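Asker: got a sequence here, can you build the structure:
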Amino acid sequence: MIAAAQYFRSGSSAAVELTEEEKTFAEQMRVTASWGKVILSNVSQIEDSTDFFKSGAASMDVVRLVEEVKLRASSCQLQNEDVYMNTTFQDFIQMCVRKLRGEDDEEELVVDYVEKTINNMTIKIPHQLFINGEFVDAEGGKTCKTINPTDGTAICDVSLAQISDVDKAVAAAKEAFEEGEWGKMNPRDRGRLIYKLADLMEQHQEELATIEAIDSGAVYTLTFRYFAGWCDKIQGSTIPINQARPNRNLTFTKKEPIGVCAIVIPWNYPLMMLAWKTAACLGAGNTVVLKPAQVTPLTALKFAELAARAGLPKGVLNILPGSGALVGQRLSDHPDVRKLGFTGSTEIGKHIMKSCAVSNVKKVSLELGGKSPLIIFSDCDLDKAVRMGMSSVFFNKGENCIAAGRLFVEDTIHDQFVKKVVEEVKKMKIGDPLDRSTDHGPQNHKAHLDKLVEYCQTGVKEGATLVYGGKQVQRPGFFFEPTVFTDVQDHMYIAKEESFGPVMIISKFKGGRANATEYGLASGVFTRDISKALYVSERLDAGTVFVNTYNKTDVAAPFGGFKQSGFGKDLGQDALNEYLKTKAVTIEY
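Answerer: Numbers count the residues shown, from 1 in each chain. Next comes the predicted model:
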C-alpha cells in the first residue's frame with residue numbers, strides 16, 4: 001500500500017529552509033488565511049503536522065485554499081490536486097515554496113540558441129524542432145537554411161521535421177490531452193497560463209518583431225489575452241424537449257475540446273497567423289501540433305520557448321518546421337489528429353480537405369486565397385480613398401490575404417485617382433524593414449519574387465497598361481517595385497488571379513461586377529452615401545466587408561471567407577467554435 005500523498009513523490013524528502021519572506025507567507029497562511037480562521041476554524045492552533053482534511057476541511061474548501069494562495073502569492077500556480085497530495089501544513093508550505101522558487105521538479109528548458117546582434121540588440125533564436133516540451137533535432141539531423149529576404153543571406157540552419165517527428169509530436173499532444181494535467185485543468189487556470197504567455201510575448205516583443213522582420217519582413221499582433229479571457233466562459237445550454245410522461249427530461253449541451261489539433265500556417269504573417277489560430281485552439285482546451293511555413297519558421301520556434309517558460313505542460317504545444325508535402329500531408333492523414341486549421345492557397349486547401357476526409361473525417365477550417373474587390377464611387381472622400389486604396393494593396397508588400405486584388409474606380413474620378421496614386425507611390429521608400437522610415441520592404445522569398453515578375457509580364461502581354469513599376473529593384477535582396485496597372489478587363493489573367501504582391505489592378509466602371517470571381521474573402525466600398533454603402537455591402541459575396549476603411553481586423557471580430565476562399569472563422573467567439581465539439585446530454589427523472 002502507498003499513501004496517496006507519497007504517490008509520484010521523488011525519493012528526496014529534504015525540507016527546504018525558508019527565507020524571512022517565505023516565513024512571512026507561511027505564517028499568513030497559518031494564522032490569518034484559509035488554514036486558520038476561515039476553513040479550520042474549529043482548530044485552536046495550526047501545527048506543522050496539522051492535516052487539512054483530518055481537521056474537518058472538505059473538497060469545496062480546497063478551492064478556497066487554492067484561491068487564497070493565488071491572492072497572496074500570484075506567481076504560485078496551484079492545482080486542486082496539489083492540496084490533496086500535500087495534506088499537512090508543513091508539506092503544503094514546502095510545496096508552495098518550491099513552486100515559488102521554480103523548483104517544482106520541472107526540468108530546465110535547454111535551448112541551443114543561434115545568437116544575432118541586430119537592430120541594436122542581441123536576439124536568441126531556437127532552431128530545433130519543439131516536441132513534448134523539448135527542443136530536439138529532426139530525425140537524421142535533417143536541416144534547411146532560412147533566408148533573410150532583405151539581403152538574401154542565410155540566417156541559420158533550422159531542423160527539418162520528418163514523418164517520424166510528426167508521429168512523435170502527435171503522440172505527445174495526444175498524451176497531454178488524454179492523460180496530462182492540461183486536459184484535467186480548471187479552465188480558469190488554463191486562462192491564467194495563457195495570460196502568462198501573453199505577458200512573456202509582450203516582454204519579448206522587440207525580439208519577436210526583430211526575428212519576424214529578418215525572417216519575413218513583417219510585424220505581428222497578439223490575440224492571446226482575448227482568448228485567455230474566454231477559457232472559463234465556454235458553456236452549453238439547457239434545451240426543452242418533449243416529456244416522457246409520467247417521467248420528466250432534462251437535456252443540456254456541453255462544449256468540449258476536440259483533442260489533438262494540427263495547425264498549418266503561411267509565410268506572409270508567421271507570428272500573427274500562429275497567434276490567430278493557436279490562441280483559440282489552446283483557449284478551447286486542445287493540444288496543438290503546428291507546422292510553420294518552411295521559409296519562415298523562426299518566430300514559431302521562439303514562441304515555443306516562451307510557451308514552455310510560461311508553464312504550458314509538456315506536449316500541449318509542438319512546433320514542426322518542415323515541408324508541406326511531408327509534414328503537412330502527414331498531419332492531414334494522421335488518424336489521431338481530430339482537427340486541422342489551415343491558411344494558404346486554395347489549391348493546397350482543396351488537397352488538405354480531401355486528405356482529411358479520406359483519413360478519419362477530421363474537422364477542417366480553411367482560410368484560402370482571395371481576389372478582394374474594392375469599389376470606389378465618385379462621391380467618396382478621394383484623398384482618403386487614395387490613402388486607404390494604397391494601403392489595401394501595398395500593406396506588407398502586398399503579401400496579405402485580404403489585399404484588394406482589384407480596384408473598381410468609377411469612371412468620372414478614374415484618371416484623377418490614378419494620378420494621385422502614382423504621385424504617392426513615387427514617394428514610397430523601399431528598404432530594410434528594420435528601418436522605421438521604410439515604407440516598402442522585400443518580398444518574402446526568391447521564388448515569390450520571380451512569380452511577381454512573371455505575373456506583371458503576363459498583364460502587359462494581355463493588353464493591360466503598366467502605369468508604374470513591374471520590375472525587380474536593382475539592389476541586394478528580394479525587392480519588387482510597387483506596381484500600378486490600368487485598363488484591366490474581366491477576361492485578363494491579372495483580373496482573375498491573385499498576385500499576392502504589391503500590384504494594384506485598376507478597372508474603370510459604370511456598372512458593378514465585383515462578385516464575378518470564385519473568391520470571397522474580403523471586399524471594400526468607398527462612398528459618402530450610407531444607403532449605397534449598405535446596399536452594396538449586403539450584395540458583396542465576401543466574409544468581410546470594409547466601408548470607408550480597409551485592413552481593419554480586430555481580435556474580437558470573426559474573420560473568414562466564402563466560396564473558394566474557404567470556410568470557418570479565425571478571431572472572435574466564432575473561432576472558439578472551430579476548436580470545440582458539442583455534446584448533448586439527456587436525463588430522464
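
Asker: the strands in the stretch 401-550 of the chain, which residues?
Answerer: Secondary structure of the stretch 401-550 of the chain by DSSP state E, counting those that start in this stretch: the strands cover 404-410, 465-468, 483-486, 503-509, 519-520, 522-526, 544-547.

Asker: any idea how far the shortest one is from the chain center?
Answerer: I take that to be strand 519-520. 23 Å (C-alpha atoms, centre = their mean, to the nearest Å).

Asker: can you check stretch 43-50 too?
Answerer: That offset, for stretch 43-50, works out to 48 Å (C-alpha atoms, centre = their mean).

Asker: quick one: average confidence on it?
Answerer: Mean pLDDT, stretch 43-50: 83.

Asker: what does it contact?
Answerer: With contacts defined as C-beta atoms under 8 Å, 6 or more residues apart in numbering, stretch 43-50 is touched by 30-31, 35-36, 40, 55-56, 88-90. Using the backbone N, CA and C atoms, a C-beta is placed for each residue, glycine as well.

Asker: can you give me the helices in the stretch 301-450 of the chain?
Answerer: Under the criterion DSSP state H, counting those that start in this stretch, the stretch 301-450 of the chain contains helices at 329-333, 346-360, 382-394, 414-425, 446-461.

Asker: list the contacts of F252.
Answerer: Per C-beta under 8 Å, 6+ apart, neighbours of F252: 236-239, 584-585.

Asker: most neighbours among these, which one is it?
Answerer: G236 (15 neighbours; other C-beta atoms under 10 Å).

Asker: any idea how far it lies from E27?
Answerer: 44 Å (C-beta to C-beta, to the nearest Å).

Asker: what of K254?
Answerer: For K254 relative to E27 (C-beta to C-beta), the value is 43 Å.

Asker: so which of the helices of the stretch 301-450 of the chain is nearest A556?
Answerer: Across the helices of the stretch 301-450 of the chain, A556 has its closest neighbour in helix 382-394 (21.5 Å, C-beta to C-beta).

Asker: same for the closest one, what does it pack against?
Answerer: Counting contacts by 3 or more C-beta pairs under 8 Å, 6 or more residues apart in numbering; DSSP states H and E, helix 382-394 packs against strand 372-376, strand 404-410, helix 414-425, strand 503-509, strand 522-526.

Asker: now render those as JSON lines, adding mean neighbour count, distance to T486 and mean pLDDT.
Answerer: Formatted as JSON lines, the helices and strands packed on helix 382-394 follow (neighbours: other C-beta atoms under 10 Å; distance: least, C-beta to C-beta, whole Å; pLDDT from 0 to 100):
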{"stretch": "strand 372-376", "mean neighbour count": "27", "distance to T486": "13", "mean pLDDT": "96"}
{"stretch": "strand 404-410", "mean neighbour count": "26", "distance to T486": "9", "mean pLDDT": "95"}
{"stretch": "helix 414-425", "mean neighbour count": "17", "distance to T486": "6", "mean pLDDT": "96"}
{"stretch": "strand 503-509", "mean neighbour count": "23", "distance to T486": "5", "mean pLDDT": "95"}
{"stretch": "strand 522-526", "mean neighbour count": "28", "distance to T486": "18", "mean pLDDT": "96"}
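
Asker: for L200, which of the strands of the stretch 401-550 of the chain is the nearest?
Answerer: Closest among the strands of the stretch 401-550 of the chain, once you apply C-beta to C-beta, is strand 544-547, at 30.7 Å.

Asker: what mean pLDDT does the helix or strand following that closest one have?
Answerer: Next in sequence after strand 544-547, counting helices and strands by DSSP states H and E, comes strand 562-563. Strand 562-563 carries an average pLDDT of 95.

Asker: what's in contact with strand 562-563?
Answerer: With C-beta under 8 Å, 6+ apart as the test, strand 562-563 has contacts from 518-521, 541-543.

Asker: now swap in stretch 185-201 and tell me
Answerer: Under the criterion C-beta under 8 Å, 6+ apart, residues 77, 79-80, 182, 208, 222, 224-225, 227-232, 234, 279, 282-283, 285, 303, 306-307, 309-312 lie in contact with stretch 185-201.

Asker: pull out the buried members of these.
Answerer: 77, 80, 182, 208, 222, 224-225, 227-228, 230-231, 234, 279, 282-283, 285, 303, 306-307, 310-312 (16 or more other C-beta atoms under 10 Å).

Asker: out of the residues you listed, list just those in helices.
Answerer: 80, 182, 208, 224-225, 227-228, 279, 282-283, 303, 306-307, 310 (DSSP state H).

Asker: which of those residues lies closest to V136?
Answerer: A307 (15.6 Å).

Asker: quick check: closest non-adjacent residue to the closest one.
Answerer: Of all residues not flanking A307 in the chain, L317 sits nearest, at 5.0 Å (C-beta to C-beta, 6 or more residues apart in numbering).

Asker: burial of the one you found, as a residue count?
Answerer: 30.

Asker: and L160, by the same measure?
Answerer: Neighbours of L160 (other C-beta under 10 Å): 23.

Asker: just the one 4 residues further on next, same as before
Answerer: Around S164 sit 12 other residues, with neighbours defined as other C-beta under 10 Å.

Asker: look up which helix or strand it falls in, please.
Answerer: Under the assignment here (DSSP H and E), S164 is part of helix 163-178.

Asker: residues contacting E256?
Answerer: Going by C-beta under 8 Å, 6+ apart, the list of residues near E256 reads 285, 580-583.

Asker: and the nearest residue to I234 once chain neighbours are set aside, bridged to which residues?
Answerer: Leaving aside its sequence neighbours, I234 sits nearest to K255 (C-beta to C-beta, 6+ apart; 5.0 Å). Per DSSP bridges, the residues bridged to K255 are T582.

Asker: isn't K255 right up against K233?
Answerer: No: counting by C-beta atoms under 8 Å, K233 is not a contact partner of K255; they are 10.1 Å apart.

Asker: tell me which of the two has more neighbours.
Answerer: K255 (17 against 12).

Asker: how close does that one get to K184?
Answerer: With C-beta to C-beta as the criterion, K255 and K184 are 17 Å apart.

Asker: what does stretch 173-183 contact?
Answerer: Here stretch 173-183 has contacts from 79, 132, 190, 257, 259-260, 285-289, 312-316, 318, 336, using C-beta under 8 Å, 6+ apart.

Asker: repeat the analysis, applying 10 Å as the threshold.
Answerer: 79, 81, 131-133, 172, 189-190, 193, 257-262, 282, 285-289, 312-318, 334, 336-338 (C-beta atoms under 10 Å, 6 or more residues apart in numbering).

Asker: point out where the stretch 1-150 of the chain drops to low pLDDT.
Answerer: Along the stretch 1-150 of the chain, segments meeting pLDDT under 70 span 1-13, 32-39, 103-106.

Asker: need the pLDDT of T483.
Answerer: T483 is given a pLDDT of 97.

Asker: mind listing what the residue nearest to V358 when sequence neighbours are not counted touches?
Answerer: Nearest residue to V358, sequence neighbours excluded (C-beta to C-beta, 6+ apart): D333, at 7.9 Å. Contact analysis of D333 by C-beta under 10 Å, 6+ apart lists 163, 166, 355-356, 358-360, 362.

Asker: filter the residues you listed down to the buried ones.
Answerer: For those, buried by 16+ other C-beta under 10 Å: 166, 355-356, 362.

Asker: let me know the closest of the residues you listed to L374.
Answerer: Nearest member of those to L374, counting by C-beta to C-beta, is C356, at 33.1 Å.
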